[in-house]
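*Asks:* Below: sequence and its predicted model.
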Amino acid sequence: MPGEDPTHDAAPGAEPAAELATELATERAYTDTCRAALDRTDAATRQRVREGAGVVTGRHSGDAAEEGVAGDGASAEALGRYLRSRAKEVREEPDGPPFFGRLDFRSEGPAGDEAGEHRGQRYYIGRRRVSAHPSAPPLVLDWRAPVSRAFYQATARVPQGVGSRRRFGWAPGGTGAAADLTGLEDEPLADAGAGGDGAASALSSGIVAEEIERPRVGPMRDIVATLQPEQDDLVRSGPGTSLCVQGAPGTGKTAVGLHRAAYLLYTYPRRIERGGLLVVGPNAAFLHYISAVLPSLGEGGVRQCTVADLLPAHEVTAEDAPDAVEVKHDARMASVLHRALYARVGLPDGPLAVPDGSYRWRLGEEELRAIVEETLAQQPPYEVGRERVRARTVALLRDRAERRAGPPGGEWLRRMGRKRELTAFLDAVWPRARPEEVVAGLLGDARVLAAAGEGLLEAPEQRALLWAGRRPRTPRTARWSRADLLLLDEVAGLIEHPEESFGHVVVDEAQDLSPMECRVLARRSRFGSLTVLGDLAQGTTAWAARDWESQLTHLGAPDAVVTPLTTGFRVPAALVEVANRLLGSLRVRVPAARSLRPGGELTRVPVAAPAEVPAVVAERVRGALEREGSVGVIAAGARVAALRDALSAAGVPSEEPGEEASAARVTVVDAELSKGLEYDHVVLVEPAEIARSGPRGLHLLYVALTRAVSRLEIVGARGLPAAVAA
């Protein structure tokens with residue numbers, strides 16, 4: 001918005017109290033103006049929704065309803081869906097400050113020339129656009145608008161025409177009312193010399209530091225007010241590019257991925273909304289934690305789920321042995337299933353005769369064989385191949401008919417395609433297939449499995465896969481395991497492409513996906529792009545990726561650009577240093593993290609006897625609750641129940657990750673589920689047990705060591721793993 005005095009530098013450090021009070025009063029008055037505009041906009045939106053709903057249902061009494069505003073039933077239904085969706089967005093959009101920053105562009109000199117069309121302008125930057133009227137100049141610009149980029153990218157060396165950048169401090173938990181505006185801070189850029197550049201200067205802002213260090217309570221917060229230049233570059237990359245972020249703990253990779261999703265929806269709405277946007281997380285607890293970020297950025301209607309939520313909806317009633325699970329997640333299973341499906345295709349063993357009235361058209365075995373072989377060579381989806389054989393066989397019949405009596409009509413072609421003899425021929429050479437039939441036939445028959453797995457699976461692996469004790473009479477009576485659902489989805493994708501394909505997919509904790517899980521996502525993003533987020537050092541599954549090249553190939557994005565994020569603002573330096581000690585013991589090569597947050601509290605609490613551990617943990621948690629913020633108790637899964645009982649006996653309420661918000665500030669977390677979560681204070685219980693929990697135990701410990709954003713206490717009677725103790 002144009003301002004009267006864009007060159008005013010309001011608060012360069014020690015601003016006199018009177019001037020600060022005047023500035024705060026002015027900005028609070030502007031806040032009231034913005035809030036009033038927001039209230040009018042929201043009220044008008046709700047009114048349009050109510051009126052539109054009345055029109056769609058025929059309850060509107062005006063001329064519009066009589067004339068049929070929606071045009072027809074299908075249009076009415078589409079309009080109804082849109083109105084209900086918009087109503088939901090308005091209802092769910094959280095309250096918050098109308099703006100978090102301000103840009104004052106210079107009007108004179110070289111800096112004014114650099115400002116271009118923004119010369120002399122003042123813009124407020126917020127999470128959503130605010131204006132008094134749709135056609136009026138905005139009171140607040142959306143953070144994704146092109147000019148807003150200067151708020152994140154302008155520096156003293158490259159001011160981009162900006163004279164001053166102002167940040168606003170707001171009371172935590174407020175609604176964004178004028179009284180919640182508690183402070184402001186100005187950073188002069190033009191004529192400021194060459195200092196103050198880079199990420200290292202970010203925490204020199206007291207407001208930025210306070211926002212980053214604010215206690216973590218409830219769902220994940222957006223970082224739109226504190227995005228750093230390297231993060232902003234990733235957020236604003238276009239939809240045609242698939243991107244992989246190798247992010248060390250505390251670098252904000254998850255937030256970057258979600259902000260990129262919001263940016264793409266804002267900047268390329270038709271392209272992204274046409275296919276939809278999908279966010280995939282590792283588990284329900286993680287999805288609950290991130291659920292508030294996109295609505296807070298002004299974007300709703302994004303599907304958030306796990307890979308399991310995308311799989312066929314069969315009831316899971318069987319459990320595989322660990323060796324069978326590992327083989328079913330292996331990339332080789334895709335080739336095994338492909339063989340099993342296409343082994344159903346056979347070559348003709350004789351000619352085909354198709355009656356046409358009193359005449360019979362005859363097609364020779366060689367030309368029919370050529371059709372099947374040519375179709376197989378083209379490798380279409382299985383069902384497409386079947387219909388292609390049908391169409392080409394009908395084309396041969398058409399050629400015969402043309403030579404005999406001239407071109408036949410369309411009805412004749414359709415009738416020939418439905419002939420019983422032609423369908424019987426198709427069923428013989430390219431029979432219909434259902435995923436359940438193919439998978440049950442493969443896992444329930446040793447001969448079929450041996451043929452499909454020859455040269456791909458070793459004999460012990462084939463024995464592990466075989467349904468020795470649960471071979472079904474028919475595919476309908478098969479008992480499916482969780483890993484079987486991956487195989488069913490793979491075969492379904494071989495038969496025909498999934499109906500569901502997204503314009504953009506954000507995949508978090510992607511290093512933990514198996515090759516077969518990656519293929520589930522690749523099938524659903526064939527015509528879109530991906531944002532792949534993860535950290536190879538935090539890979540904890542049996543099939544976790546050791547490099548991004550192979551993982552991106554499985555995801556269908558081999559050309560994705562891999563960008564490392566190593567500078568963190570969340571985990572303090574003292575805690576990052578301890579976690580970095582483990583990197584040399586892990587089976588991956590990743591750059592070490594560094595933190596720009598000094599300090600951090602690290603406490604070792606040795607316990608004399610293992611039986612005393614739960615009581616000591618309860619004592620440390622009670623002490624942690626005397627300070628602000630959330631408390632996470634992280635332990636190996638076998639200990640979690642006992643720790644919850646100990647806390648309950650000590651009168652300390654706790655909750656599980658993913659539960660609805662409650663009064664409890666304490667969460668007891670299985671280390672396996674702690675990935676992506678963060679707590680102000682972490683009590684890490686018996687790290688040696690976590691380190692010895694399996695082949696990926698040290699990776700799991702690395703995750704657990706990096707969940708604290710302020711304080712970490714290590715409690716245990718079994719000592720520390722050597723790599724950490726060093």
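*Replies:* Perfect, I can see it now.

*Asks:* For the rest of this, base every contact and every neighbour count on C-alpha atoms.
*Replies:* Fine.

*Asks:* Enumerate the beta-bridge partners assigned to Thr531.
*Replies:* When assigned by DSSP bridges, Thr531 has beta-bridge partners Leu243, Val506.

*Asks:* Please give me every residue in contact with it.
*Replies:* Shown in contact with Thr531 (Cα atoms under 8 Å, 6 or more residues apart in numbering): 242-245, 257, 504-507.

*Asks:* any idea of the pLDDT on it?
*Replies:* For Thr531, the pLDDT comes out at 97.

*Asks:* OK, contacts around Trp548?
*Replies:* The neighbourhood of Trp548, defined by Cα under 8 Å, 6+ apart, consists of 511, 562.

*Asks:* ugh, wrong one, Val588
*Replies:* Counting by Cα under 8 Å, 6+ apart, Val588 makes contact with 536-537, 546-547.

*Asks:* Just say helix, strand or coil for it.
*Replies:* Using DSSP: H, G, I helix; E, B strand; the rest coil, the secondary structure recorded for Val588 is coil.

*Asks:* how's this protein carved up into domains?
*Replies:* Using the TED database, the domains assigned to the chain come out as 20-35+91-214, 237-317+439-568, 352-429, 573-724.

*Asks:* In CSV: those domains, plus distance to Val336.
*Replies:* Formatted as CSV, these follow (distance: least, Cα to Cα, whole Å):
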stretch, distance to Val336
domain 20-35+91-214, 46
domain 237-317+439-568, 5
domain 352-429, 15
domain 573-724, 27
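
*Asks:* mind checking which of those is nearest Asp222?
*Replies:* Smallest distance to Asp222 across the domains of the chain (Cα to Cα): 5.2 Å, for domain 237-317+439-568.

*Asks:* gap between that closest one and the chain center?
*Replies:* Offset of domain 237-317+439-568 from its chain centre (Cα atoms, centre = their mean, to the nearest Å): 10 Å.

*Asks:* Quote the end-to-end distance of it.
*Replies:* By Cα to Cα, to the nearest Å, the extent of domain 237-317+439-568 from end to end equals 21 Å.

*Asks:* Lowest mean pLDDT among the helices and strands of this structure, which one is it?
*Replies:* In the chain, no helix or strand scores lower on mean pLDDT, DSSP states H and E than helix 63-67, which sits at a mean of 42.

*Asks:* which residue ranges form the strands in the stretch 401-550 of the chain?
*Replies:* Ranges of strands within the stretch 401-550 of the chain are 504-507, 529-534, based on DSSP state E, counting those that start in this stretch.

*Asks:* Quick test: name the residue nearest the centre of the protein.
*Replies:* Note on the chain: the residue nearest the mean C-alpha position is Val279, at 3.0 Å, using Cα atoms, centre = their mean.

*Asks:* And that residue, how close does it get to Gly247?
*Replies:* For Val279 relative to Gly247 (Cα to Cα), the value is 17 Å.

*Asks:* cool, and Gly629?
*Replies:* Counting by Cα to Cα, the gap from Gly629 to Gly247 is 25 Å.

*Asks:* With neighbour numbers in mind, choose between those two.
*Replies:* More neighbours surround Gly247 than the other of Gly629 and Gly247, with 27 against 19 (other Cα atoms under 10 Å).

*Asks:* could the strands of the stretch 401-550 of the chain go into JSON lines alongside distance to Ile690?
*Replies:* Below are these laid out as JSON lines (distance: least, Cα to Cα, whole Å):
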{"stretch": "strand 504-507", "distance to Ile690": "26"}
{"stretch": "strand 529-534", "distance to Ile690": "21"}
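
*Asks:* To Glu374, which of those strands lies closest?
*Replies:* Across these, Glu374 has its closest neighbour in strand 529-534 (32.0 Å, Cα to Cα).

*Asks:* Check what pLDDT Arg476 gets.
*Replies:* Note on Arg476: pLDDT of 86.

*Asks:* Find the residue closest to it in space, skipping its chain neighbours.
*Replies:* Nearest residue to Arg476, sequence neighbours excluded (Cα to Cα, 6 or more residues apart in numbering): Glu436, at 7.6 Å.

*Asks:* In contact with that neighbour: list those residues for me.
*Replies:* Contacts of Glu436 (Cα under 8 Å, 6+ apart): 475-476, 488.

*Asks:* thinking Glu187 is in contact with Arg165, fair?
*Replies:* Yes. The pair Glu187 / Arg165 is scored as a contact, 5.1 Å apart, by Cα atoms under 8 Å.

*Asks:* These two: which is more packed in?
*Replies:* Each of Glu187 and Arg165 has its neighbours counted (other Cα under 10 Å); Arg165 has more, 25 against 21.
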